[in-house]
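J.: give me a 3D structure for the following:
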Amino acid sequence: MTVPTYELLALIITALSGASALTFFIWHKLIKPARSFLGDQETIKDDLETIKSEVTTNRGKSLKDSVNALTVTCDRIEDTQKVLDQRSRASLHYQDEALFEVDLEGHLIWVNKKFRQEVDEPLANMEGYNWITTFIDEPERERFIKEFQSCIKTCRKVDIETTSVNGKPIRFVGYPYKVSEKSHRGFLIHLSFKGV
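T.: Numbering: from 1, shown residues only. Take a look at the predicted model:
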């Protein structure tokens, strides 16, 4: 059976157009999206490299390694600070002057050896603001507290002369532990029981 040439030609054209449609379909539905996806993958890969370079320190360590190293450094600084605080307190402990510390609100938090010798009162009785009632004569307390709170609030030197509970002159001279011009973390105060 012989197929006429025009039918064969129509069959070839139909096959070619089917192949062309199939190629077009494969191109638009498979190859083009795959190329776009691979291009996006390259963009993502470049972006990841950029992020990696941003979170890697100059020495090639990761950000996590840098944070861990910083944590170790901070721990060392904290330990050193604790040692310095203890050394300061130890040296103040044996001073020949009666010294005490108050926190940033004015509560008694520490006294030295000379203070304990001169003050005939258990430390537990002077906690918080009780140190004020231990030392200051009642008629003088309101004026003392007002001046003392002003020193705390304005972060300035304490220099207050008043009368003790036994009627003798008493003087408080102290300096704030300044952390800035307007803030502090308490005061170191010298207490003088002898004449002012």
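
J.: surely residue 151 meets residue 158?
T.: Yes - using CB atoms under 8 Å, residue 151 is in contact with residue 158, at 4.6 Å. All C-beta atoms are positioned from the backbone trio N, CA, C, and that covers glycine.

J.: shared neighbours, the two?
T.: 174, 187 (CB atoms under 8 Å, 6 or more residues apart in numbering).

J.: the strands in the protein, which residues?
T.: Along the chain, counting by DSSP state E, strands occupy 98-102, 108-111, 158-163, 169-178, 184-192.

J.: give me whichever of those strands is most buried.
T.: Ranked by mean neighbour count, the strands of the chain are led by strand 98-102 with a mean of 21 (mean count of other CB atoms under 10 Å).

J.: how much does it deviate in direction from strand 169-178?
T.: 50 degrees (axes from the mean of the first three to the mean of the last three CA atoms, to 10 degrees).

J.: pLDDT wise, what is residue 5 at?
T.: Residue 5 carries a pLDDT value of 70.

J.: actually residue 34, not the one I wrote
T.: 61.

J.: cool, and the one 10 residues further on?
T.: Residue 44 is assigned a predicted lDDT (pLDDT) of 68.

J.: same check on residue 105?
T.: For residue 105, the model assigns a pLDDT of 92.

J.: any chance of the backbone angles for it?
T.: phi -100, psi -10 (degrees, to the nearest 10).

J.: what residues are up against it?
T.: residue 152.

J.: state the distance from it to residue 128.
T.: Between residue 105 and residue 128 the computed distance is 9 Å (CB to CB, to the nearest Å).

J.: repeat that for residue 169.
T.: 25 Å.

J.: same check, this time on residue 190
T.: 20 Å.

J.: how many neighbours does residue 71 have?
T.: As a burial measure, residue 71 scores 10 neighbours (other CB atoms under 10 Å).

J.: what does residue 114 give?
T.: Applying other CB under 10 Å, I find that residue 114 has 19 neighbouring residues.

J.: is the residue lying closest to it once chain neighbours are set aside in a bridge, and if so with what?
T.: Distances taken as CB to CB, 6 or more residues apart in numbering place residue 98 nearest to residue 114, at 4.7 Å, with adjacent residues excluded. Judged by DSSP bridges, the bridge partners of residue 98 are residue 191.

J.: for residue 98, what are its contacts?
T.: Taking CB under 8 Å, 6+ apart as the contact definition, residue 98 lies against 111-112, 114-115, 117-119, 190-193.

J.: sorry, back to before: how about the strands of the chain in TSV, adding mean pLDDT and distance to residue 49?
T.: Compiled in TSV, the strands of the chain are given as follows (pLDDT from 0 to 100; distance: least, CB to CB, whole Å):
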stretch	mean pLDDT	distance to residue 49
strand 98-102	91	55
strand 108-111	90	54
strand 158-163	94	60
strand 169-178	92	48
strand 184-192	90	47
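
J.: out of those strands, nearest to residue 138?
T.: Nearest to residue 138 among the strands of the chain is strand 158-163 (9.7 Å), distances taken as CB to CB.
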